[in-house]
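Engineer: Next one to model:
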Amino acid sequence: KLQFLYFIGGKRNMGLLTNAGYPIAWDSEENKAAVKYVLEHGIDQFLALYSNYKGEVNRPFLWGDEVEYQLVKLDPKTKNAKLWLHAGEPLEQLNKLEDEAKENNTLDKLEGLWRPEYASFMIEGTPANPYTHTLASIASCEKSLVTRREMLKKHLPDDVVPLTLVNFPRMGTIDPRTGTSDFTTPAGVPKGPASHSLFVPDNCINPHPRFGTLTANIRKRRNKKVSIRVPLFVDERTKVDPFLNIDGNLQNKLLTSTTPDDDDDDDDDDAAADPAPKKQKTDNSTRDDLKPNVTPTMYYFAQYFDKAESKDIVAQKHTESSAAHPSIYMDCMAFGMGCNCLQTTFQAKELDQARHVYDQLAVLCPIMLAISAATPIHKGLLSEIDVRWMVISESVDDRTEEEVPKIMKSRYDSVSTYISTRPADNYFAKMNDIDLHVDEGVYKRLREASIDHRLARHVSHLFIRDPLVIYSGRLHQLEDARESDHFENIQSTNWQSMRFKPPPAKAAGTDIGWRVEFRMMDAQMSNFENAAYIVFTILLARAIIAFDLDFYIPLTKVDTNTARAHIKDAITTKKFIMQKNIGKLDILKNPAKVEFCEMSVDEIFNGCDHFEGLISIVNRYVAEAKKEEHDGKSSEEKKAWLASEKRVNAYLELLKRRANGTLLTSAQYLRKFVLEHPTYQKDSKITPEIAFDICKTCDALAAGELFPEELLPKSLVDMAGKL
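Structural biologist: Residues are numbered from 1 along each chain as shown. Now for the predicted structure:
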């Protein structure tokens, strides 16, 4: 029987969440030796996996989703919402149910499986068993999401709700009276030993040793805290630090104790945004802490305000000031890894198919990010971005200053190389136009072991990163031919927009093939919306396979699209670079005829003269599936299939309307919600009451009790029929 948990990720109490031995201290001689060992044996383990499974064929199309929940305690009397830092309690109870189901061989009857996440207020849910390729199975996703949420709620206190908000609206707010976190229960003291954060206490980190160690080691490896800078939405009364050009959070005073050079009057310096930071006597460490590392995604920061997209111009502007516009400053991993994401993983027929679909979906990642945009709020403030991606990218960026010029991206970013075997070499080189940094020694080993150039580039690029958490009890003890912990140590901390996943090692005892994980979408507030995005992604993957579609554009243009997807209202105001005539031209046979152009999200989803439209492509696939799954079947089977088609059509209608702007994205809805709230003071701040009302709204959406006309009309949901 397929152990589905391995299918989508990891296994409880094994591998990366083991307690075997102790986490080796980063700055020790023991760790230096361990890092070298893991990197060397990680390649040995990959080669064993490749050798064992490269010939696997005719695997069924199986897939699953991962949905993360934030646990929030609501107090209607005080109209306050706080993150509930006890996720381990319901998780323990839910894992007992799983253990009992395994003993009784009834795992297939469970509503879901549950795993820890980075934060102590988060929990991840997955289906207990995989979905299949049939439309009925694909359309059953929402029912699984509903029953999973109900299952989780049964194990929570009455005043705690599981929400699929991307991030908590007041994450990082500190009570100035007590100096403790104003957004958690229990409260915590900032500047903890793992994160050193001014805004987030360490009790927000999952108490499992892996997560605190991961947080501390990222900071230690880069020799300073992470620096997360996103543009601040500046309203009439928005406070901005006039010297550092960052948000006016009172905790920022802890960044420096120096005084300004020339600030004779202080009547309005901190009352509103100043177009440029003032001069200040600060030590180098303060400026150093605030300086973000350059990534292609962060080119957006300078592009946005100066309307310049020249790489050279942007690179020059990207100093520690980044841009004249003020930014929201965040300083720890929890701001990123405390975000909820929406991810899907599917099993391909064989290795070549997995590599091809990986490439095509990599192109579509920024487009799905734009249409799923749900993150306009950061650190209790409205921002000028709509998505989470850049925040997470910066939150785990462990590069040293010396590495930044040659390693262009964080560990968490868009993919940097295509891997399919299908395009001709000259065309493949044209599409792979990113200057890819690889470990030359690893690349040589892989080529000597007969790994093809394209896959060797991919793997040797992963291995430019160090393993961040190594356990003393899972180091020399592993058998490389049967276990893959060292490979997964590197693979699992390369958090790219797509993940190419070899089968589990033999010791896992599973029957699973080559998989592809789609990782870029923001989570939505309701089960209906999450199901719509999940189902659309899976049907698109099925269409790519069925029609052998090719969406290739140069990877630098994918990065440009990723940057544009961040921009406020990108779904209606920005255009994205796409290949023309998808589905009408076989670019693998006619690469010289390939053309690219800029298209709106509406044109990409709903079609135009030179692009069929993603929704049309999916509808073509559904029509083909009908021939196999509906035609010639019994009346009951036909009825069930048509009901599934009806539900899928409702999901497509949601995406159609969001793409053409007749329905708001979650980000647009939340921004409007804040700006129109009676307690909003035109200062960019999320008040406790605003946060409470957002959480109540999200809970009502998830429960199917609220249907805002501009976001999710009831008439549209009713189109799907009963679950």
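Engineer: need the helix or strand of the chain with the lowest average pLDDT.
Structural biologist: helix 299-306 (a mean of 44; mean pLDDT, DSSP states H and E).
Engineer: Now do the helices in the stretch 601-723 of the chain.
Structural biologist: 601-606, 614-629, 635-660, 666-675, 688-702, 714-718 (DSSP state H, counting those that start in this stretch).
Engineer: got those as a markdown table, with mean pLDDT and distance to Val200 columns?
Structural biologist: Bear in mind the C-beta positions are built from the backbone N, C-alpha and C, glycine included. Output for the helices of the stretch 601-723 of the chain, formatted as a markdown table (pLDDT from 0 to 100; distance: least, C-beta to C-beta, whole Å):
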| stretch | mean pLDDT | distance to Val200 |
| --- | --- | --- |
| helix 601-606 | 97 | 33 |
| helix 614-629 | 96 | 38 |
| helix 635-660 | 97 | 32 |
| helix 666-675 | 98 | 21 |
| helix 688-702 | 98 | 16 |
| helix 714-718 | 98 | 36 |
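Engineer: wait, which of these is closest to His41?
Structural biologist: helix 614-629 (41.9 Å; C-beta to C-beta).
Engineer: tilt between the closest one and helix 635-660?
Structural biologist: Relative orientation of helix 614-629 versus helix 635-660 (axes from the mean of the first three to the mean of the last three C-alpha atoms, to 10 degrees): 170 degrees.
Engineer: What are the buried residues along helix 614-629?
Structural biologist: Residues of helix 614-629 classed as buried by neighbour count (16 or more other C-beta atoms under 10 Å): 614-619, 621-622, 625, 629.
Engineer: Nearest to Asn245 among these?
Structural biologist: When the buried residues of helix 614-629 are compared for distance to Asn245 (C-beta to C-beta), Leu614 wins out at 39.8 Å.
Engineer: show me what contacts the closest one?
Structural biologist: Leu614 makes contact with 364, 367, 536, 540, 604-605 under the criterion C-beta atoms under 8 Å, 6 or more residues apart in numbering.
Engineer: Same check on Glu676?
Structural biologist: By C-beta under 8 Å, 6+ apart, no residues touch Glu676.
Engineer: How much space separates it from Ile690?
Structural biologist: Distance from Glu676 to Ile690, counting by C-beta to C-beta, to the nearest Å: 10 Å.
Engineer: got the end-to-end distance for stretch 229-240?
Structural biologist: End-to-end span of stretch 229-240 (C-alpha to C-alpha, to the nearest Å): 14 Å.
Engineer: Dump the helices of the stretch 601-723 of the chain into TSV; add distance to Pro423 as well.
Structural biologist: Formatted as TSV, the helices of the stretch 601-723 of the chain follow (distance: least, C-beta to C-beta, whole Å):
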stretch	distance to Pro423
helix 601-606	22
helix 614-629	20
helix 635-660	29
helix 666-675	35
helix 688-702	43
helix 714-718	40
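Engineer: List just the one of those that sits closest to Thr180.
Structural biologist: Among the helices of the stretch 601-723 of the chain, if distance is taken as C-beta to C-beta, the winner is helix 688-702, at 14.8 Å.
Engineer: can you pull the buried residues of that closest one?
Structural biologist: Residues of helix 688-702 classed as buried: 688-702 (neighbour count, 16+ other C-beta under 10 Å).
Engineer: Over to stretch 509-522?
Structural biologist: Applying a neighbour-count criterion of 16+ other C-beta under 10 Å, one finds 510, 512-522 buried in stretch 509-522.
Engineer: Also stretch 533-551?
Structural biologist: By neighbour count on 16+ other C-beta under 10 Å, the buried set for stretch 533-551 is 533-545, 549-551.
Engineer: where along the stretch 451-600 of the chain do the helices fall?
Structural biologist: Under DSSP H, counting those that start in this stretch, the stretch 451-600 of the chain gives helices at 453-462, 485-491, 527-547, 555-566, 570-573.
Engineer: Show me what the host helix or strand of Val363 is packed up against.
Structural biologist: For Val363, the element it lies in under DSSP states H and E is helix 351-371. Applying 3 or more C-beta pairs under 8 Å, 6 or more residues apart in numbering; DSSP states H and E, we find helix 351-371 packed against strand 498-501, strand 515-522, helix 527-547, helix 555-566, helix 570-573, strand 575-579, helix 601-606, helix 635-660.
Engineer: could you give me the average pLDDT of the strand or helix carrying Lys102?
Structural biologist: Lys102 belongs to helix 88-103 when assigned by DSSP H and E. Mean pLDDT, helix 88-103: 95.
Engineer: helices or strands next to it in the packing?
Structural biologist: strand 113-116, helix 141-153.
Engineer: what's the burial count for Pro186?
Structural biologist: 12 (other C-beta atoms under 10 Å).
Engineer: ok, now His133?
Structural biologist: Burial of His133 is recorded as 18 neighbouring residues (other C-beta under 10 Å).
Engineer: check contacts around the nearest residue to it once chain neighbours are set aside.
Structural biologist: The shortest distance from His133 to any residue other than its chain neighbours is 4.0 Å, reached at Phe61 (C-beta to C-beta, 6 or more residues apart in numbering). The neighbours of Phe61, taking C-beta under 8 Å, 6+ apart as the test, are 132-133, 346-349, 542, 545.
Engineer: Looking at those residues, which is nearest Lys580?
Structural biologist: If you rank the contacts of Phe61 by distance to Lys580 using C-beta to C-beta, Ile545 comes first, at 22.0 Å.
Engineer: thought the closest one was touching Ala354?
Structural biologist: No. Using C-beta atoms under 8 Å, Ile545 is not in contact with Ala354; the gap is 10.2 Å.
Engineer: tell me, what's touching these two both at once?
Structural biologist: Shared contacts of Ile545 and Ala354, counting by C-beta under 8 Å, 6+ apart, come down to Ala348.
Engineer: Could you quantify the relative orientation of the strand ranked longest in the chain and helix 141-153 as an angle?
Structural biologist: Using DSSP state E, we find that the single longest strand of the chain is strand 62-75. Strand 62-75 runs at 40 degrees relative to helix 141-153, counting by the same axes, to 10 degrees.
Engineer: Now strand 62-75: average pLDDT?
Structural biologist: Average pLDDT, strand 62-75: 97.
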